[in-house]
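Student: 3D model of this:
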Amino acid sequence: MPRFMSAFAIACCATTAIVMVSCDRSDRAADRRTGDRFTSAASTCPPAPGGIIVSFDRVAYFPARAPESQLERLCPAVGDTLYDAVGWQANGRKFPFVGAMLVAIPHQGTSPDSIAGGAPEMWTASGDSVRLPDGQLLPKTLGALRALGKTLVDKNEGYDDWNGPDARTCRFPEILFKLNGDSLPKTLPDSARVTGIEINVRSRETMGPFCRP
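Tutor: Numbers count the residues shown, from 1 in each chain. Next up is the predicted model:
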């Protein structure tokens, strides 16, 4: 009988040890998964209510001309980047969202103006989740952009220091639509892709003469 009890006790202890090791491994795996979620969440900006809408005064939930410190408080996932317009470069601050990338380019130069120090001079936006001021998604092609109304489109010149073609529409004249003209003719077809947008938030473009009825 004692020999039986001893064997039984050993078996029970072994089973308990196996269960404890299994639980410990499960807890560690859960901790790792939780940590992964936190890391992933911290790598992007918080979601924008109503979507990532870009306009002259507001970009997602960022006031377009807010000081850099205010922008960083709204999105701690901010990082450094370089805005490259071929013949002109500037340091920028990038704000990564799920499905979009927003970049604020601080004011360049020392001329006095009404924009607070360190505030953006321009914003860029790209990605499938970017929306226009009326809430619709960014057009994917020049043809879809032309469907919004009267549109002014650059020739696809392709000279040295060429920053690529772009276009504006009278519906949203303050937004510059960047186009991909690679391997395309000088007069761009409707199939030309829209790659992103730029907005100068220091001077509001109206396209007055072109857009008048």
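Student: The host helix or strand of R93 pairs with which strands?
Tutor: Following DSSP states H and E, the helix or strand that holds R93 is strand 89-97. Within its sheet, and counting by DSSP bridges, strand 89-97 is paired with strand 79-84 (antiparallel), strand 100-106 (antiparallel).
Student: now, of those, which is deepest in the fold?
Tutor: Ranked by average neighbour count under the criterion mean count of other Cβ atoms under 10 Å, the strands paired with strand 89-97 are headed by strand 100-106 at a mean of 22. Glycine gets a C-beta too; all of them are placed from N, C-alpha and C.
Student: Need the mean per-residue confidence for that strand.
Tutor: Averaged across strand 100-106, pLDDT comes to 96.
Student: helix or strand right after it?
Tutor: Once the chain leaves strand 100-106, the next helix or strand it forms, by DSSP H and E, is strand 120-126.
Student: tilt between that following strand and strand 100-106?
Tutor: 160 degrees (axes from the mean of the first three to the mean of the last three Cα atoms, to 10 degrees).
Student: quick one: the residue nearest the centre of the chain from T81, how far?
Tutor: The chain has M101 as the residue nearest its centroid, 1.5 Å off, counting by Cα atoms, centre = their mean. Between M101 and T81 the distance is 9 Å, computed by Cβ to Cβ, to the nearest Å.
Student: intersection of neighbour lists for the two?
Tutor: K94 (Cβ atoms under 8 Å, 6 or more residues apart in numbering).
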